[in-house]
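[1] Predicted model, plus sequence, below.
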Amino acid sequence: MKRIAILLAAGAAALSIAAPAAADPGRHGTQPGFGQATLTGFASLPALTFVPGSEPSGSSLGTAPVNGVTPPFPGQPVQGFSGIVRRHDGTFEVLSDNGFGNKANSADFLLRVHRVKPDFAAKSVQVLGGFNLTDPRGLVPFPLTRKDRTLTGADFDVESIVRTVDGTYWIGDEFGPFLLHFDRKGRLMEAPIELPGVRAPENPNLNGAQPNLGGSKGFEGMARSVDGRHLYPLLEGTVAGDPAGTLRMNEFDLRERAYTGRRWTYRLDSSSHAIGDAIAVDADRFLIIERDNLQGDAAQVKRIYLADMRDKDGDGALDKTLVADLLNIADPRGLGGAPGTFRFPFQTIEDVVILDDRTLGVLDDNNFPFSNGRTPGKPDDNEFITLRLTGGLKADPRVYR
């Protein structure tokens, strides 16, 4: 979840509106891409959706209306979808991020995994339940916000999630950055695991040392290898001393519970961009969402790339092939509105899942109540779309079966 909030709403109005930027196949090692993807499904969860019977939230946001919504809120918003897990029964688990944008204002936001079911015929999303993230065994070695050890957005900024073969969950955090391991009920199973040599300003173990990563620029994306042996967490920010616009992807061994020392580089099209999610396609390739920090008509770059570890062009970074331009989606049936071109113009798009070899699911992080990329002055809903690609990914079948 990245934070332009009210400032972007004002700043975007001052921008000259540009047409969506086309991918440049010769830029930063990008290979010729797929053609225009087609919208095959659209479903939406209203922004003002709260966990039934949950605690109030947003007490640190003041009392001025934001996009027509006045904090504090009567419950915990079902928002900020920053990671997704497919359950193969028509439902998905989605991870809410740290809450309202930063550590200081999210102490009353409870970190949670929601179970949702999109109904593309009705264009709606049903929330079936979920679980909060907790640390009942006291494994987090630094002080937490709550005495009951329910984790909040002031403790961690959770942005990526995978489920392993034993049914447990690994979640990537941006404040450390840390890897967090939870059981099926959301209870922490191990102490947070740091990334050696990399610390964000929010890291509780700095002890006066200088951070070498930007605030909340830790593990925005994380993929699980198709054989279930490794995790591949991808930083959102550039580590100090690395070339501008380059992001580190590290390999973590799930058996050894340690980083292997292997590392790759993902190069952004522009150093002003960010990544939103990463998912394995096979042993060598990943889908990675890359975006600018704009929304609505001002948005120019919302893309899904196929990134290849093998670096065939030898430029020292993952090879990139454009798979889908999310600002230029064919919608001949008008599933997302009027027939024509459908745009997914959200500031933060943080979820991609492979449904079959030519179909992707994509979700936004609505940054409730701040982002208004769909309708100015109105908080964004959580949208769930499916896309049909012009060609197959040639993915390992294990990623979608």
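    Good, I have the coordinates. Computed from a predicted model, the values in this text were never measured in an experiment.
[2] now Val226: how far from Glu383?
    Val226 sits 28 Å away from Glu383, taking Cβ to Cβ, to the nearest Å as the criterion. (C-beta placed from N, C-alpha, C; glycine too.)
[3] Apologies, that question was intended for Leu95.
    Here the distance between Leu95 and Glu383 works out to 16 Å (Cβ to Cβ).
[4] Between these two, which is the more surrounded one?
    Leu95 (26 against 23; other Cβ atoms under 10 Å).
[5] The more buried one and Arg115 touch, don't they?
    No. Between Leu95 and Arg115 no contact is recorded; they are 11.2 Å apart, counting by Cβ atoms under 8 Å.
[6] before we move on, which element is the spatially most central residue of the chain in?
    If you average the C-alpha coordinates of the chain and look for the closest C-alpha using Cα atoms, centre = their mean, you land on Glu350, 2.8 Å from that point. Here Glu350 is covered by strand 348-356, with elements defined by DSSP states H and E.
[7] next one: that strand to chain centre, how far?
    For strand 348-356, the separation from the chain centroid amounts to 9 Å (computed by Cα atoms, centre = their mean, to the nearest Å).
[8] Show residues contacting the next helix-or-strand element following it.
    On the C-terminal side of strand 348-356, the nearest following helix or strand under DSSP H and E is strand 359-365. The contact list for strand 359-365, computed with Cβ atoms under 8 Å, 6 or more residues apart in numbering, reads 1, 37, 40, 79-82, 84, 86, 92, 94, 97, 276, 287, 289, 304, 323-324, 326, 344, 346, 348-355, 371, 373, 380, 382-389.
[9] Mind checking which of the residues you listed are in strands?
    40, 81-82, 84, 86, 92, 94, 276, 287, 289, 304, 323-324, 348-355, 382-388 (DSSP state E).
[10] in this structure, which ranges drop under the pLDDT threshold?
    Counting by pLDDT under 70, the chain contains low-confidence residues at 1-32.
[11] same thing but 90
    Judged by pLDDT under 90, the chain has its weakly predicted residues at 1-33, 80, 401.
[12] Quick one: end-to-end distance for stretch 296-306.
    For stretch 296-306, the first and last residues are 25 Å from each other (Cα to Cα, to the nearest Å).
[13] just stretch 86-95 next, same as before
    Per Cα to Cα, stretch 86-95 runs 12 Å from first to last residue.
[14] Now find how far off-centre it is within its chain.
    Centroid separation between stretch 86-95 and its chain, computed with Cα atoms, centre = their mean, is 15 Å.
[15] what does that stretch rub up against?
    Stretch 86-95 is touched from outside by 81-85, 112-118, 128, 130, 158-161, 163, 171, 351, 353, 355, 361, 363, 400-401, with contacts defined as Cβ under 8 Å, 6+ apart.
[16] can you tell me the helix or strand for the closest residue to Phe252 other than its chain neighbours?
    The shortest distance from Phe252 to any residue that is not its chain neighbour, by Cβ to Cβ, 6 or more residues apart in numbering, is 4.3 Å, and that residue is Leu231. Using DSSP H and E, Leu231 falls within strand 230-235.
[17] Give me the sheet partners of that strand and which way each runs.
    According to DSSP bridges, strand 230-235 has the following sheet partners: strand 219-224 (antiparallel), strand 246-253 (antiparallel).
[18] how big is the angle separating the strand holding Glu350 from strand 219-224?
    Compare the direction of strand 348-356 with that of strand 219-224 by axes from the mean of the first three to the mean of the last three Cα atoms, to 10 degrees and you get 10 degrees.
[19] and strand 348-356, what does it pack onto?
    Helices and strands touching strand 348-356, as assessed by 3 or more Cβ pairs under 8 Å, 6 or more residues apart in numbering; DSSP states H and E, comprise strand 81-86, strand 274-280, strand 285-291, strand 359-365.
[20] all helices of the stretch 1-150 of the chain, in order?
    Secondary structure of the stretch 1-150 of the chain (DSSP state H, counting those that start in this stretch): helices located at 5-14.
[21] Could you tell me which residues make contact with the nearest residue to Leu389 once chain neighbours are set aside?
    When the adjacent residues along the chain are set aside, Leu389 lies closest to Arg358, with 4.7 Å between them (Cβ to Cβ, 6+ apart). Arg358 sits next to Arg388, Leu389, Gly391, Gly392, Leu393 when contact means Cβ under 8 Å, 6+ apart.
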